[in-house]
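**Q** Just a sequence and a predicted model for now, questions to come.
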Amino acid sequence: MSIDVLQSRIRKLKTPIVVGLDPVPELIPPELLAECETRLGTGPEALAESYVLFCKGLLEGLKKAVPAVKVQSACFEALGWQGVKAMQEVLALAKKLNYYVILETMRTDVGHIAAVNAESVFGGLTIGEEKYYPYPCDALLVNGYLGSDGIRPYLPYVKEAGKNLFVVLKSSNKSSPEVQDLVSGGRVIHTAMADLTLRWSTELFGSCGYGEVGAVVGLSSPTAIQALRKRYDTLFFLVPGYGAQGGVAKHAAYAFDRLGHGAAVCASRSIIGAWREQAEVDWPEAAAAAVEKMKKQLEAYVTVL
């Protein structure tokens, strides 16, 4: 089961850090972008190529430091087909380097469209006699607020192909309470989504004791993390919002069980953009230093056994 793979890699490296690969132009070192523009001209192709080279340097530099990466599809898709091609290259490299790879799409759809997406991401595409895997990854981060018919098409791949889903319960953006903290039928909306996520995990549990359908719980609401961990002790938590979004280690610790298991903490800009504050080193070195700093901060509150 894939959730066991993630948990075992976290234990092996003694760190629950997930690095978010969210490239945008302002995070690309100017000299790297200039080199790509010299070869390819000014436009989406050069920017997409800079994304590939930037992420390649990060992946190579962090492969012994973190167990997992999360690739943000929106950043790549913003560049059109050149960006999608770049994302495919980054996903393939991350898998080759043995990372646990999460693809963040933040979307689901009506049942038959969700089935198309599930097949392309998890099952592969059969065209003629050939099988293609355009988006190689271990897990997909999705928004489940469309309901069960947007999630169910993915579950056979979770059960039979060892894939994972991470469903948004409580996102890290500041306005999330406008919807996710509303009370309906005597329940807070994000706890209703947690109940659904647990239901979708029925019979889909790894030997580590956590469900193959995990939950996204942002660091912007530490009280929600505490309450959700206490109530849903078999949901694996993916915890975004560390660093640039204001999340801190003390609050991230609420997501873990007493053995330091059951959660992974995601940071993006504070790691991949660390080079902007360390002019004397290149971007992979700066990212590695930022990971080590985050690791020490977490270790003050979480011990992974």
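**A** On my side now, so go ahead. Numbering: from 1, shown residues only.
**Q** Now do the same contact list for the nearest residue to Ser201 once chain neighbours are set aside.
**A** Nearest residue to Ser201 in three dimensions, chain neighbours excluded: Gly211, at 3.2 Å (Cβ to Cβ, 6 or more residues apart in numbering). No exception for glycine: its C-beta is placed from N, CA and C like everyone else's. Residues counted as contacts of Gly211 (Cβ atoms under 8 Å, 6 or more residues apart in numbering) are Ile3, Thr197, Leu198, Ser201, Leu204, Phe205, Thr234, Leu235, Phe236.
**Q** Tyr254 too?
**A** Taking Cβ under 8 Å, 6+ apart as the definition, contacts of Tyr254 comprise Pro222, Ile225, Gln226, Arg229.
**Q** Among these, which one has the most neighbours?
**A** Of all those, the highest neighbour tally under other Cβ atoms under 10 Å goes to Ile225, namely 24 neighbours.
**Q** and stretch 278-286, what's its mean pLDDT?
**A** Stretch 278-286 comes out with an average pLDDT of 86.
**Q** and if you look at stretch 182-194?
**A** Mean predicted confidence for stretch 182-194 is 92.
**Q** Equivalent analysis for stretch 92-102, please.
**A** 97.
**Q** Use 853 as the first number from now on
**A** Let's use 853 as the start, then, which means that last one is stretch 944-954.
**Q** Tally up the residues packed near Val1091, please.
**A** 27.
**Q** One more: Ala1152?
**A** Ala1152 has 10 nearby residues by other Cβ under 10 Å.
**Q** Would you agree it is in contact with Ala1101?
**A** Yes. Using Cβ atoms under 8 Å, Ala1152 makes contact with Ala1101 at a distance of 6.1 Å.
**Q** Could you pull up the residues touching Ala1013?
**A** Per Cβ under 8 Å, 6+ apart, neighbours of Ala1013: Phe974, Gly975.
**Q** gap between it and Leu1056?
**A** 12 Å (Cβ to Cβ, to the nearest Å).
**Q** Spatially nearest residue to Gly929 (excluding sequence neighbours)?
**A** Rather than Gly, residue 929 is Glu. Gly935 (5.7 Å).
**Q** Which parts of the stretch 903-1052 of the chain are helices?
**A** Assigned helices in the stretch 903-1052 of the chain, in chain order: 925-929, 933-948, 963-970, 1007-1012, 1029-1032, 1041-1052 (criterion: DSSP state H, counting those that start in this stretch).
**Q** Would you mind extracting the C-alpha trace of the third one into PDB?
**A** Included here for helix 963-970 are C-alpha records, laid out as PDB according to Å, rounded to 0.1, in the frame of the first residue of the first chain:
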ATOM      1  CA  GLY A 963     -18.500  11.200 -12.200                       C
ATOM      2  CA  HIS A 964     -17.800  10.400 -15.800                       C
ATOM      3  CA  ILE A 965     -15.200  13.300 -16.100                       C
ATOM      4  CA  ALA A 966     -13.600  12.200 -12.800                       C
ATOM      5  CA  ALA A 967     -13.300   8.700 -14.300                       C
ATOM      6  CA  VAL A 968     -11.400  10.200 -17.300                       C
ATOM      7  CA  ASN A 969      -9.000  12.000 -14.900                       C
ATOM      8  CA  ALA A 970      -8.500   9.000 -12.700                       C
END
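**Q** For the most centrally placed residue in the chain, give the beta-bridge partners.
**A** Centroid-nearest residue in the chain: Lys922, 3.4 Å away (criterion: Cα atoms, centre = their mean). Residues in a beta bridge with Lys922, per DSSP bridges, are Gly872, Ile954.
**Q** Contacts only, for it.
**A** Val870, Val871, Gly872, Leu873, Ile954, Leu955, Glu956, Leu993, Cys1118, Ser1120.
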